[in-house]
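*Asks:* Turn this into a structure:
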Amino acid sequence: MFGRRRLAAVLGASLVPLPARADDFPIKPITLVVPFAAGGSIDVLARLAAQQAGTTLGQPVLVDNRGGAAGLIGAASVARAEPEGYTLLMASAAQVTIPPWINRSLAFDPPKDLAPVAHLADTPMVLIVAANSRMRSGDDFIAEARAHRGGLNYASTGVGTISHLVMETLKLAADIDVVHVPYRGAAPAINDLLGQQVQMTFLDLPVILPHIKAGSLRPIALGAPKRSPTAPDVPTTAEVGMPDLLIENWYGMIAPGGTPPAIVASLNRIATAAMGDPAVKEKLADQGLTVVGDTPEHFRAFIGSETVKWAKVINDAGLATAK
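*Replies:* You can find the predicted model right below:
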């Protein structure tokens, strides 16, 4: 009897899957979740990274767009995924550093349930209006908004996203009152701006750049310390009298919390190598994205500092949700 029990225990143990090893990784396709609709800056970055990484790995990296709730639906799906490195998140501040302060009913805890892998790229944001708008400068923008308090709408990519918070910050700083209209991503927000259902938005440069070049949307100001080589005619916020409105968005790769450090390190090497490819860097630069590349440890520290920064913005704007 003892022998049969021991044999059964040994056989049972042999059926338990062994944890993934870094030297074997990856042995199957990787899913990269983009928590917004297709067409935005984060989607563009994810697809370039996925294509380059898949070529290097010999395993496909599949982009999965899961939009909704300012990216929190997609982020929650990654937080709940098995921590094996095969389900990843292309994240921004709206899924990692902002939610703890503005959304107290989160289905996950970002510091605990998400593991930073690599800080991939940064991009400035642009205050933009319709091409036929009477707002042609920073002064025009402020004057028009003050003349129509509560009568103008601004689009964002969702409640709690940077495009939401930066406009709320601008409202306070400029003493204006414009109405928030949240969308499920940049593409639908731009569509309604083109159709003049909304009058303004603050979005990432890459997703706005084609419309700036085509003349279908008019940029008012770029939230960066200096002008962008990809849009040299767009003045900075400092040039239009908004020196404190320096807003850049960041993008990074995130794994489920509990992913083994060796797997995180492998993913970091894969991601930073993909971003370091000269062709990828050139494509991203042409769209207004600056490649960063970083270690998981530095990325975690960066996220910590960003969390503190956005806590202040949210509290100053009166948007913090009570505990």
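*Asks:* Now G318: which helix or strand?
*Replies:* Assigned by DSSP states H and E, G318 falls within no helix or strand.
*Asks:* List the residues that contact R66.
*Replies:* 33-35, 73-74, 77 (CB atoms under 8 Å, 6 or more residues apart in numbering). Placement of C-beta: from N, CA and C, glycine included.
*Asks:* V240 now?
*Replies:* 137-139, 141, 220-221.
*Asks:* ok, and for stretch 131-150, which residues are buried?
*Replies:* 133, 135, 138, 141-142, 144-145 (16 or more other CB atoms under 10 Å).
*Asks:* Quick check: mean pLDDT of it?
*Replies:* For stretch 131-150, mean pLDDT rounds to 94.
*Asks:* For that stretch, list the C-alpha coordinates in PDB.
*Replies:* C-alpha atoms of stretch 131-150 as PDB (Å, rounded to 0.1, in the frame of the first residue of the first chain):
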ATOM      1  CA  ALA A 131      -9.300  73.700 -38.500                       C
ATOM      2  CA  ASN A 132     -12.100  76.200 -39.000                       C
ATOM      3  CA  SER A 133     -12.200  77.200 -35.300                       C
ATOM      4  CA  ARG A 134     -11.900  80.900 -34.400                       C
ATOM      5  CA  MET A 135      -9.200  79.800 -31.900                       C
ATOM      6  CA  ARG A 136      -5.800  80.300 -33.700                       C
ATOM      7  CA  SER A 137      -3.500  81.100 -30.700                       C
ATOM      8  CA  GLY A 138      -3.200  80.600 -27.000                       C
ATOM      9  CA  ASP A 139      -4.800  84.000 -26.400                       C
ATOM     10  CA  ASP A 140      -7.700  83.100 -28.800                       C
ATOM     11  CA  PHE A 141      -8.200  79.800 -27.000                       C
ATOM     12  CA  ILE A 142      -8.500  81.500 -23.500                       C
ATOM     13  CA  ALA A 143     -10.600  84.300 -24.800                       C
ATOM     14  CA  GLU A 144     -13.100  82.000 -26.600                       C
ATOM     15  CA  ALA A 145     -13.300  79.600 -23.600                       C
ATOM     16  CA  ARG A 146     -14.000  82.500 -21.200                       C
ATOM     17  CA  ALA A 147     -16.600  84.000 -23.500                       C
ATOM     18  CA  HIS A 148     -18.500  80.700 -23.600                       C
ATOM     19  CA  ARG A 149     -18.300  79.400 -20.100                       C
ATOM     20  CA  GLY A 150     -19.900  75.900 -20.000                       C
END
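*Asks:* hmm, who's touching that stretch?
*Replies:* By CB under 8 Å, 6+ apart, the residues outside stretch 131-150 that reach it are 127, 129, 152, 174-179, 199-200, 215-218, 220-221, 235, 237, 239-242.
*Asks:* Scan this protein for its longest helix.
*Replies:* Within the chain, and with DSSP state H defining each element, the longest helix by residue count is helix 296-316.
*Asks:* helices or strands next to that helix in the packing?
*Replies:* On a contact count with 3 or more CB pairs under 8 Å, 6 or more residues apart in numbering; DSSP states H and E, helix 296-316 meets helix 93-96, helix 99-102, strand 114-130, helix 162-174, strand 248-256, helix 261-276.
*Asks:* Let's see which of the contacts of R66 end up in strands.
*Replies:* If you go by DSSP state E, the contacts of R66 have 33-34 in strands.
*Asks:* would CSV of the contacts of R66 with pLDDT and distance to D109 be doable?
*Replies:* Output for the contacts of R66, formatted as CSV (pLDDT from 0 to 100; distance: CB to CB, whole Å):
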residue, pLDDT, distance to D109
V33, 98, 18
V34, 96, 22
P35, 92, 17
I73, 93, 16
G74, 95, 16
S77, 97, 15
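*Asks:* Buried ones among the contacts of R66?
*Replies:* 33-35, 73-74, 77.
*Asks:* how far does stretch 170-185 sit from the chain's center?
*Replies:* What separates the centre of stretch 170-185 from the centre of its chain is 19 Å, taken as CA atoms, centre = their mean, to the nearest Å.
*Asks:* try stretch 268-282
*Replies:* Chain-centre distance of stretch 268-282: 18 Å, with CA atoms, centre = their mean.
*Asks:* Stretch 87-95 now?
*Replies:* 6 Å.
*Asks:* who touches that stretch?
*Replies:* Residues outside stretch 87-95 that contact it (CB under 8 Å, 6+ apart) are 30-35, 42, 45-46, 49, 70-72, 74-75, 77-78, 81, 110, 114, 117, 157-158, 160-162, 249-256, 267, 306, 310.
*Asks:* Tell me the spacing between P60 and L245.
*Replies:* Counting by CB to CB, to the nearest Å, the separation of P60 from L245 is 41 Å.
*Asks:* who's more crowded, these two?
*Replies:* Shown here are P60 and L245; by other CB atoms under 10 Å, L245 has more neighbours (21 against 16).
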